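Participant: Sharing a model prediction with you, sequence too.
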Amino acid sequence: MSYTDATYHPTCIVYSGVALGEAVTLGAFVIVGEPARGRLAGEVATRIGARAIVRSHTVIYAGNQIGDDFQTGHGVLIREDNQIGHRVSIGSHSIVEHHVLIGDDVRIHSNAFVPEFSVLEAGCWIGPCVVMTNARYPGSPRAKAQLQGVHIERGARIGAGAILLPGVRIGAEALVGAGAVVTRDVLPREVVAGNPARVINSINYIGAYHEQNPAH
């Protein structure tokens, strides 16, 4: 393992094969590089980019490639072999399973579940307690062989407590309302809500998304 100006709590466990960028901070009881079942410690390289803040009780498995300015809340679990971009934030007690692609500037709030084979494109926003699914027929003989992750396109927003069924695609800049159950694809810039989710509006007609940022 290699450290470059990293700060880490003495209760951390950092396995061999882990590379940390400059000014990384690891909180108490953090584990980085946990080997997946059937692998040896250090068998697969793990990288966390510069200026990451990994808060207490987070577990990051081996094989993750994570960009700069990454942050977790407390108690986050990130399984193996994910590709995670720059400036990604994952809230407390959220779970990211294995073989997930997460683009730059993605925000995942607390208590969210992102299953294997999901794709979250750059700039998408995932509210608290969002559940994505990938098994169309759970417990069936071929369930694991037929997993289909959710695909969330660039800049889409998923409201609190929404449930996304296996294989659905949420179009760029779309908005999924809180508590919605999404059973089919959502087109770019559509606004959907309800169970099952139905189109109720377009981002084009919501003034809040067209206001100038006061910081500019």
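Facilitator: Arrived safely, thanks for sending. Predicted, not measured: the structure shown is a model, and the values here were computed from it.

Participant: average model confidence for stretch 142-149?
Facilitator: Across stretch 142-149, the average pLDDT comes to 93.

Participant: Report the buried residues of it.
Facilitator: For stretch 142-149, burial by neighbour count (16 or more other C-beta atoms under 10 Å) applies to 147-149. For the C-beta atoms, the positions are set from N, CA and C on the backbone; glycine is no exception.

Participant: Domain-wise, how is this protein divided?
Facilitator: Following automatic domain parsing, one gets these domains for the chain: 1-97, 100-216.

Participant: quick one on the thing from earlier: which single one of the buried residues of stretch 142-149 is nearest to C12?
Facilitator: G149 (30.4 Å; C-beta to C-beta).

Participant: Roughly how far does that closest one sit from I84?
Facilitator: Using C-beta to C-beta, to the nearest Å, G149 is found at 15 Å from I84.

Participant: go on, L101?
Facilitator: Relative to I84, L101 is positioned 8 Å away (criterion: C-beta to C-beta).

Participant: And the pLDDT for A180?
Facilitator: 98.

Participant: pLDDT weak spots in the chain?
Facilitator: Along the chain, segments meeting pLDDT under 70 span 1-5, 215-216.

Participant: go again using 50 as the cut-off
Facilitator: Within the chain, the segments meeting pLDDT under 50 span 1-3.

Participant: all helices of it, in order?
Facilitator: For the chain, no helices are identified by DSSP state H.

Participant: E173 is in contact with L187, isn't it?
Facilitator: No. Taking contacts as C-beta atoms under 8 Å, E173 lies outside contact range of L187: 10.3 Å.

Participant: Pick out whichever of these two has more residues nearby.
Facilitator: Set E173 next to L187 and count neighbours by other C-beta atoms under 10 Å: E173 wins out with 19 against 14.

Participant: Report how many residues lie close to the nearest residue to that one once chain neighbours are set aside.
Facilitator: Using C-beta to C-beta, 6 or more residues apart in numbering and skipping residues adjacent in sequence, the residue nearest E173 is G155, 4.5 Å away. Counted by other C-beta under 10 Å, the residues lying close to G155 total 18.

Participant: So G155 sits against L120, correct?
Facilitator: No. The criterion here is C-beta under 8 Å, and G155 misses it with L120 at 11.0 Å.
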